[in-house]
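[1] Okay, predicted coordinates and the sequence, questions at the end:
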Amino acid sequence: MSTEKHRVIVKRVAAHGGGGHGGGWKIAYADFMTAMMAFFLVMWLLSSSSPKQREGIAEHFRMPLKVALSGGEKSSTSISVVPGGGMDPSTRIEGEVQRADAEEDADAQRLASMKERLDKLIEASPVFRQFRSQILIDITTEGLRLQIVDSENRPMFDLASAQLVPHMRAILREIGPTLNELPNKLTLSGHTDAIVYSNGDRSYGNWELSADRANASRRELVMGGMAEHKVLRVVGLADSMHLDRANPRNPINRRISIILLNQRTQQQIERENGGGGSVGANWPAGSVKVSAHGSPASIHP
């Protein structure tokens, strides 16, 4: 009986990584889905935000660099748990907008109340009542505007002069103390009509005359009791802005315009005077200036 030997054969197969059962593609797919989710989240936030909120969000992400460049508060001092961050941008911007709107509404209401106050003062005062037709009061985009205009037989100034006539002086002195009731600052502008007048002096025309008349009116307001610091700008506009555009020679175009400024216009002028703007950046507040909206005209009587 023979004994048969069995040979054991071991077959070794080289292992191949990945293939159909590898996990690398899962990581890539997860990264892709995360990126897409973040993208759609950002798109949803942008679509549900107002333009002002989007502008505020953009400003929020620019702020750390601006603060660093200007040497302001560092991001490390922020109370936010996100370095360089702050409070929720949408909440911050919405709150700021609401607060600004509330302040503007309150300011507009104060100016409207002042208009009613002036209307009643004019109707009740013997000084004003006889000149009612020469006093115009309205609300403009700049604030509360009070205009004192010439009439054919009752001018505000002497002929070709910045010398006020007695009734104009009385009007301004009566108005002066009333303007102190609001903290708003004001501007004065002088206007002439388009009638050409010549007295032989080519260096003095409607531009100079209108500025001198505006400044003379400022002095009378102060003499009447108005606080001098309330005046933010005094300007001569000559015949560049007619009240009656159809008839540039109408005496009503000769006028003094006093505007009790709303907060927005006041801040804009203060930025310009402080060098923050190109128009009037070198004009100090309260100075007398001749505006350059057009070519100079000659003196008007």
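    Alright, I've got the coordinates.
[2] My guess is residue 224 contacts residue 175. True?
    Yes: here residue 224 reaches residue 175: they are 7.0 Å apart, a contact under C-beta atoms under 8 Å. C-beta here means a position set from N, CA and C on the backbone, and glycine is covered the same way.
[3] Name the residue in the two with the higher neighbour count.
    Neighbours were counted for residue 224 and for residue 175 using other C-beta atoms under 10 Å; residue 175 has more, 25 against 18.
[4] Give me the phi and psi for that one.
    Phi and psi for residue 175, reported as degrees, to the nearest 10, are phi -80, psi -40.
[5] Distance of it relative to residue 42?
    Residue 175 is 57 Å from residue 42, where distance means C-beta to C-beta, to the nearest Å.
[6] And the residue nearest to residue 232 when sequence neighbours are not counted, how far from residue 244?
    Nearest residue to residue 232 in three dimensions, chain neighbours excluded: residue 185, at 4.2 Å (C-beta to C-beta, 6 or more residues apart in numbering). Separation of residue 185 from residue 244 (C-beta to C-beta): 29 Å.
[7] These two: which is more packed in?
    For residue 185 versus residue 244, neighbours defined as other C-beta under 10 Å are more numerous around residue 185 (23 against 13).
[8] residue contacts, the more buried one?
    229, 230, 231, 232, 260, 261, 266 (C-beta atoms under 8 Å, 6 or more residues apart in numbering).
[9] Could you give me the ChimeraX selection string for whichever of those are buried?
    Per 16 or more other C-beta atoms under 10 Å, the buried members of the contacts of residue 185 correspond to this ChimeraX selection:
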select :230,231,232,260,261,266
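[10] Which ones among the contacts of residue 185 map onto helices?
    residue 266 (DSSP state H).
[11] of the contacts of residue 185, closest to residue 126?
    The nearest member of the contacts of residue 185 to residue 126, counting by C-beta to C-beta, is residue 260 at 23.9 Å.
[12] Mind pulling up the pLDDT for that closest one?
    pLDDT for residue 260: 96.
[13] What of residue 229?
    pLDDT at residue 229 comes out at 94.
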